[in-house]
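K.L.:
using only what follows, build the 3D model:
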Amino acid sequence: MSSSPSAANLLALLRRNAAAPAVALRLFLHLSSAAAPPPPRATSFLARLLAAHPAAAGALLPRLLRHILSLPDPSVHLLELLSSSPSLPLGVSLSAFRSLRALASAPPPPTPVYNRLILAALRESRLDLVEALYKDLLLAGAEPDVFTRNLLLQALCDAGRMELARRVFDAMPARNEYSFGILARGYCRAGRSVDALEVLEAMPSLNLVVCNTVVAGFCRESRVEEAEMLVERMRTEGLVPNVVTFNARISALCKAGRVLDAYRIFKDMQEEWERGLPRPNQVTFDVMLSGFCDAGMVDEARVLVDIMRCGGFLRRVESYNRWLSGLVRNGRAGEAQELLKEMSHEGIQPNNHTYNIVVAGLCKEGKAFDVRRVEDFLRSGVMTPDVVTYTTLLHAYCSKGNTAAANRILDEMAQKGCAPNSYTYNVLLQSLWRAGRTAEAERLVERMGEKGYSLDSASCNIIIDGLCRNSKSDVAMGIVDGMWKEGSVALGRLGNSFISVVSDSCSSQRCLPDLITYSILISALCKEGRFDEAKKKLLEMIVKDIYPDSVIYDTFVHGYCRHGKTSLAMKVLRDMEKKGCNPSTRTYNLLIRGFEEKHKSEEILKLMSEMKEKGISPNVMTYNSLIKSFCERGMVNKAMPLLDEMLQNEIVPNITSFGLLIKAFCKDSDFPSAQMVFDAALRTCGQKEVLYCLMCSELSTYDRWMEAKNILETALEMRISIQSFPYKQIIAGLCEVGEVDHAHSLIKLLVAKGHTFDPAAFMPVIDALCDRGKKQDADILSEKMMEMATGSSKITPGSRKHERDQNGDNDWRALLHRDDSARTIMKITKRVRTGWGQRGNIYEHKQQQSDDFYILENTG
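P.N.:
Reported below is the predicted structural model:
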């Protein structure tokens, strides 16, 4: 190494120009050469300096690497460069590593260099690269240390390859607490918390972090008793559960749908902190708020928000975003807008995520105009829509098949300089494939290639899923077979449009089949009843070190049950238990649904008993299957007590639960009991339109016209849309049983409330009034019917609009298309014009009515 002043002072010069990376690099290149190599420390410093400026690193780092390779002995400088690998882009680190390994005179890199590269690959989810680097380490003769093996263990757990991870763990000559923690966390994420507990028990002493991980795993799997036992064991062994322990339990219980259990723990933390329980912190409140919102318990969430506001826990934009998301997802868009105003008043600045929540929620509700209004607001200068905003809008338009709007959004993104990312293209790709619009999907793939995007694993799985959905499972299986050899290049078999996007650009990240790929294939094969082929795919994935999870087994259970093969579905349940994959509530629900279709209530009861023994909690779907089975067998007396049992188990019955019982009681002509269940449903589920419609329809089915009329009138008073109600049958039924006055009053109420309905509903009342000699009343209704039929009736701004008039013909207009239409219309028109037997024309002699039932008020 030269001792010239330029070389000696190089490091100082680089430090002096640290704010200008391009200048620092030019100094380095100018003051160092083959004759005067730079000091290795200067190389390392410059590499870190360039990496700290991502905008410039992409162009400057390759120049530095080329310069290093021109030096007489680049190995020492390459090692210095690789020592900076955690901060360097992975591509640059790999290039430097390959160059070093290609030097015949250079010794193998030391283990720390491999560790840094493996860690960088792990951070970018390049699990294939982790495995390749580990193999190269062994071939180079380097000795992996505990950190190296922990990184490999982490990669295998992230890939779901738990059997291989266990073998690596067992073969480790030395382990630390991180080794145990990584494996335990991997088991918990795979739904195998019992195996995680075995890992915990093998530790020399209990570790709080690992204990918290296992507690959360048990809670996620609804194994609350095991979680409580572990918490008690922690206390016994002097390991005091901290707020993280309780937060883990609350979070896991909320995710498992056991929100009331989670709230009980939260309440204990609030009220019993003097007994040693930790007080709730910000995370506790946020997690509990999300739990309430996810479960649709908006009223409970609102109470919690008030508590947070008083206690100073509602001071972060993240907390507001959680509450905002809950309101939007539960259809409370008005309250969400008020919350935005509150944030402004409280000095909480909304971020892009805040507005993206609103956009996403409105898109899911299908409120396209509201979405555009929000987008207009985003353009107003308050904030700028980002790629997430546009992608959300794209997803909404694509799900509705609105290709023109989706293309408009893409054009707008280009105009605004907002580049689509891989997720944006995948959203479009998925919507097109699912809609069977393969030609447009291929054009999109071509566009991706033109823009420099390559297909990633998610893209490949979307295409495989699209092929399966379009009855091309065999083509999909052929491509998956090819992916093991060629990666995403195998998609080139689908046509030229795929070749351009899967060529050299994606050779650096081969897309290999993963757990999702096989889940798609097995699901498609099971739906088609090709169970032997599905089992072959199951064996194939195991051979490839991809181990099935509960979703794969559930797919087999669902497939067998759909095809009536419940005995084979039971065998799958036993097999997954033997393989160490714990069945979930969903697994049992699928089985119960299969037995429900066969009306085998006894088998359902056996499965529910088995769930209880294993600590697997049933949910509302479990009970609904049993209720349905009893009701369909005429055993409503056995179904009714299940409501109380659900409440005792803190499971809230839903509309389906009550609906099954209402139908069963009506079928048995036990209308008082049906009314009792209906009242309970309103108290439990709220004043829902579907409940009123259901009760009204059932009463009408069994000619209980007066009771049905009362339900309908209540719905009208509550401003509930009646489009799905059997109002015509009720009116006609009342007339048939002589309750013409009630039918007449119901018609008048419909008009007064501003509802637009089928004019054919007037006919039975008009005929009945005419038969009773009430010509004047008949004439008035006739006039109103003709006004409504011709569309001249005025509907006030707040009234219900008639979707059916826009989307389809009603019964009145259908008269025009009947064979006897001309004769029918002539007859009705003649009767109307002559006042049903009266002289004169009612259009010429309109009588002034003081009855405000015939005035459509401006109140809606």
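
K.L.:
for the stretch 51-200 of the chain, give me the ranges with low pLDDT.
P.N.:
Residues of the stretch 51-200 of the chain that meet the criterion pLDDT under 70 lie in 55-56, 84-87.

K.L.:
helices of that one, residue ranges please.
P.N.:
54-69, 74-82, 90-102, 111-123, 127-139, 146-158, 162-171, 177-189, 193-201 (DSSP state H, counting those that start in this stretch).

K.L.:
can I get the ones you listed in JSON lines with mean neighbour count and distance to residue 262?
P.N.:
Yep, even glycine has a C-beta here, placed from its N, CA and C like the rest. Formatted as JSON lines, those follow (neighbours: other C-beta atoms under 10 Å; distance: least, C-beta to C-beta, whole Å):
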{"stretch": "helix 54-69", "mean neighbour count": "16", "distance to residue 262": "41"}
{"stretch": "helix 74-82", "mean neighbour count": "22", "distance to residue 262": "47"}
{"stretch": "helix 90-102", "mean neighbour count": "18", "distance to residue 262": "40"}
{"stretch": "helix 111-123", "mean neighbour count": "20", "distance to residue 262": "32"}
{"stretch": "helix 127-139", "mean neighbour count": "17", "distance to residue 262": "33"}
{"stretch": "helix 146-158", "mean neighbour count": "22", "distance to residue 262": "27"}
{"stretch": "helix 162-171", "mean neighbour count": "16", "distance to residue 262": "28"}
{"stretch": "helix 177-189", "mean neighbour count": "23", "distance to residue 262": "18"}
{"stretch": "helix 193-201", "mean neighbour count": "20", "distance to residue 262": "17"}
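
K.L.:
nearest to residue 323, out of these?
P.N.:
helix 177-189 (28.3 Å; C-beta to C-beta).

K.L.:
about what we covered before: can you list the helices of the stretch 51-200 of the chain in CSV and add distance to residue 487?
P.N.:
Listed next are those as CSV, based on distance: least, C-beta to C-beta, whole Å:
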stretch, distance to residue 487
helix 54-69, 25
helix 74-82, 27
helix 90-102, 17
helix 111-123, 17
helix 127-139, 10
helix 146-158, 19
helix 162-171, 21
helix 177-189, 26
helix 193-201, 32
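
K.L.:
thought residue 50 was touching residue 60?
P.N.:
Yes. Between residue 50 and residue 60 there is a contact under C-beta atoms under 8 Å: 4.9 Å.

K.L.:
hey, what's in contact with both of the two?
P.N.:
21, 25 (C-beta atoms under 8 Å, 6 or more residues apart in numbering).

K.L.:
show the model's pLDDT score for residue 371.
P.N.:
Predicted confidence (pLDDT) for residue 371: 53.

K.L.:
next, the contact list for residue 660, please.
P.N.:
Residues in contact with residue 660 (C-beta under 8 Å, 6+ apart) are 624, 627-628, 631, 639.

K.L.:
can you tell me which of those residues has the most neighbours?
P.N.:
residue 627 (28 neighbours; other C-beta atoms under 10 Å).

K.L.:
for that one, what are phi and psi?
P.N.:
phi -60, psi -50 (degrees, to the nearest 10).

K.L.:
so it versus residue 618, what's the distance?
P.N.:
The gap separating residue 627 from residue 618 is 12 Å, by C-beta to C-beta, to the nearest Å.

K.L.:
quick one, helices of the stretch 701-850 of the chain?
P.N.:
Using DSSP H, counting those that start in this stretch, helices in the stretch 701-850 of the chain cover 705-717, 727-736, 740-752, 762-771, 775-790, 803-807, 811-814, 821-833.

K.L.:
okay, now the unreliable bits of the protein?
P.N.:
Short version for the chain, where the test is pLDDT under 70: 1-8, 55-56, 84-87, 273-275, 333, 361-384, 495-510, 791-860.

K.L.:
out of the contacts of residue 660, who's nearest residue 311?
P.N.:
Set against residue 311, the nearest of the contacts of residue 660 by C-beta to C-beta is residue 624 (38.4 Å).

K.L.:
of the contacts of residue 660, closest to residue 742?
P.N.:
Closest approach to residue 742 among these (C-beta to C-beta): residue 631, at 31.4 Å.

K.L.:
show me what contacts the closest one?
P.N.:
Counting by C-beta under 8 Å, 6+ apart, residue 631 makes contact with 639, 660-661, 663-664.

K.L.:
pull the CA atoms of the helix or strand that it is a member of into CSV?
P.N.:
Assessed by DSSP states H and E, residue 631 sits inside helix 620-632. Included here for helix 620-632 are C-alpha records, laid out as CSV according to Å, rounded to 0.1, in the frame of the first residue of the first chain:
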residue,chain,number,x,y,z
VAL,A,620,-72.1,-19.2,15.8
MET,A,621,-71.7,-21.2,12.6
THR,A,622,-71.3,-24.4,14.6
TYR,A,623,-74.5,-23.9,16.4
ASN,A,624,-76.4,-22.7,13.3
SER,A,625,-75.6,-26.0,11.6
LEU,A,626,-77.0,-27.9,14.6
ILE,A,627,-80.1,-25.7,14.8
LYS,A,628,-80.7,-26.2,11.1
SER,A,629,-80.4,-29.9,11.4
PHE,A,630,-82.9,-30.1,14.3
CYS,A,631,-85.3,-27.7,12.5
GLU,A,632,-85.3,-29.6,9.2
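
K.L.:
wait, doesn't residue 760 sit right on residue 729?
P.N.:
No. No contact is recorded between residue 760 and residue 729 when judged using C-beta under 8 Å, the distance being 11.3 Å.

K.L.:
any idea how far residue 456 is from the closest residue to residue 546 other than its chain neighbours?
P.N.:
Among residues not flanking residue 546 along the chain, residue 515 sits closest, at 5.6 Å (C-beta to C-beta, 6 or more residues apart in numbering). According to C-beta to C-beta, residue 515 and residue 456 sit 16 Å apart.

K.L.:
which residues are in contact with residue 694?
P.N.:
Applying C-beta under 8 Å, 6+ apart, the residues contacting residue 694 are 655, 659, 662-663.

K.L.:
can you list these in CSV and add neighbour count?
P.N.:
Listed next are the contacts of residue 694 as CSV, based on neighbours: other C-beta atoms under 10 Å:
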residue, neighbour count
655, 15
659, 21
662, 26
663, 21
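
K.L.:
got the helices of the stretch 701-850 of the chain as CSV, with distance to residue 182 and mean neighbour count columns?
P.N.:
Output for those, formatted as CSV (distance: least, C-beta to C-beta, whole Å; neighbours: other C-beta atoms under 10 Å):
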stretch, distance to residue 182, mean neighbour count
helix 705-717, 58, 19
helix 727-736, 64, 22
helix 740-752, 67, 19
helix 762-771, 74, 20
helix 775-790, 71, 19
helix 803-807, 56, 11
helix 811-814, 68, 15
helix 821-833, 77, 13
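
K.L.:
brilliant, that's me finished.
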